[in-house]
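Visitor: Kindly return the folded structure for what I paste below:
(one chain, ligands or ions: 1)
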Amino acid sequence: MPQRTGILLLVSGPSGSGKTTLCRRLADEGEARYSTSCTTRAARPGETHGHDYYFLSREEFDQKIAAAEFIEHATVHGNSYGTLKSEVLTHLTNGVDVVMDIDVQGASQVRSCQDAAIQLALVDLFVMPPSDEELRARLTGRKTDSEEVIALRMKNALEEMSHWTTYQYRLLSATREEDYSRFKALLTAERLRVSRIN
Ligand code: 5GP
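Guide: Numbers count the residues shown, from 1 in each chain. Predicted structure coming up:
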């Protein structure tokens with residue numbers, strides 16, 4: 001029997017905020033399990049199925065919606081994204097912490113989800129880029145996307161950032177190391193909550 005139930009660490013923030021790097025590092029260091037999402041978008045160079053995402057066809061994605069396999073799903077930048085129950089629920093029960101990188105719409109669905117285990121487990125954090133200029137520089141720096149895609153992501157980022165007050169925690173991005181140490185400190189503190197101890 002685990003001594004405590006798992007934490008569901010939900011992380012949002014615009015692309016370019018560095019949230020994916022934070023989530024991946026936490027998982028790579030064995031601190032939490034990364035919830036791999038499903039998406040209908042095409043894989044970027046270097047991304048692999050089952051690690052970065054489960055890359056699905058529209059039909060496959062819709063079948064999973066019909067079979068109620070998702071905790072939440074949303075359309076982001078014109079593609080569908082969703083979190084599978086199987087990536088989250090049993091791990092929480094087994095006392096394993098799960099980190100998920102999802103957008104503001106998905107976060108809102110998880111918050112209003114009726115599952116008691118999810119409600120007990122949920123900690124949500126918004127990762128904010130230090131400034132609009134820095135965000136633009138970071139989005140342009142990622143060479144895999146076209147100008148058009150960057151412009152769309154900038155517009156969506158500004159919209160997404162307007163939702164930060166709906167989160168329990170906000171991390172204003174500084175350097176990679178500072179961000180990670182504050183991110184890990186949050187998880188460490190949440191692990192000490194009496195409500196999670198069996
Ligand atoms: P990208 O295509 O750049 O990997 O991700 C685009 C956006 O989709 C990011 O904001 C990311 O957090 C979000 N996203 C990734 N997986 C999920 C998911 O399962 N559900 C939701 N709602 N958003 C997701």
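Visitor: residues contacting Leu10?
Guide: Contacts for Leu10 (C-beta atoms under 8 Å, 6 or more residues apart in numbering) come out as Met100, Ile102, Ala107, Val110, Leu122, Val123, Asp124, Leu125. C-beta: built from backbone N, CA, C; applies to glycine.
Visitor: Report the beta-bridge partner residues of it.
Guide: Beta-bridge partners for Leu10, by DSSP bridges, are Met100, Asp124.
Visitor: now the helices for this protein?
Guide: 19-28, 58-66, 89-93, 104-111, 116-121, 132-141, 147-161, 176-191 (DSSP state H).
Visitor: how much space between Thr90 and Ile150?
Guide: Counting by C-beta to C-beta, to the nearest Å, the gap from Thr90 to Ile150 is 38 Å.
Visitor: Of the two, which one has the most company?
Guide: The residue with more neighbours, out of Thr90 and Ile150, is Ile150; 17 against 12, by other C-beta atoms under 10 Å.
Visitor: how far away is the closest residue to the more buried one other than its chain neighbours from Glu133?
Guide: With sequence-adjacent residues excluded and distances taken as C-beta to C-beta, 6 or more residues apart in numbering, Ile150 is closest to Leu139, at 5.1 Å. When distance is defined by C-beta to C-beta, Leu139 is 11 Å away from Glu133.
Visitor: higher neighbour count, these two?
Guide: Counted by other C-beta under 10 Å, Leu139 and Glu133 do not tie: Leu139 has more neighbours, with 19 against 9.
Visitor: Quick check: residues of this protein near the ligand?
Guide: 15, 37, 41, 72, 74, 76-77, 81-83, 101-103, 105-106 (C-beta under 6 Å from any ligand atom).
Visitor: ok, of those, which come out buried?
Guide: By neighbour count, with 16 or more other C-beta atoms under 10 Å, the residues of the chain next to the ligand hold 15, 37, 72, 74, 76, 81-83, 101-103, 105-106 as buried.
Visitor: okay if I get these as JSON lines plus pLDDT?
Guide: Shown next, in JSON lines, are those (pLDDT from 0 to 100):
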{"residue": "Ser15", "pLDDT": "81"}
{"residue": "Ser37", "pLDDT": "98"}
{"residue": "Glu72", "pLDDT": "98"}
{"residue": "Ala74", "pLDDT": "97"}
{"residue": "Val76", "pLDDT": "88"}
{"residue": "Tyr81", "pLDDT": "98"}
{"residue": "Gly82", "pLDDT": "98"}
{"residue": "Thr83", "pLDDT": "98"}
{"residue": "Asp101", "pLDDT": "97"}
{"residue": "Ile102", "pLDDT": "97"}
{"residue": "Asp103", "pLDDT": "94"}
{"residue": "Gln105", "pLDDT": "96"}
{"residue": "Gly106", "pLDDT": "98"}
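Visitor: Closest one of these to Ser146?
Guide: Nearest to Ser146 among those: Ser15, at 13.9 Å, using C-beta to C-beta.
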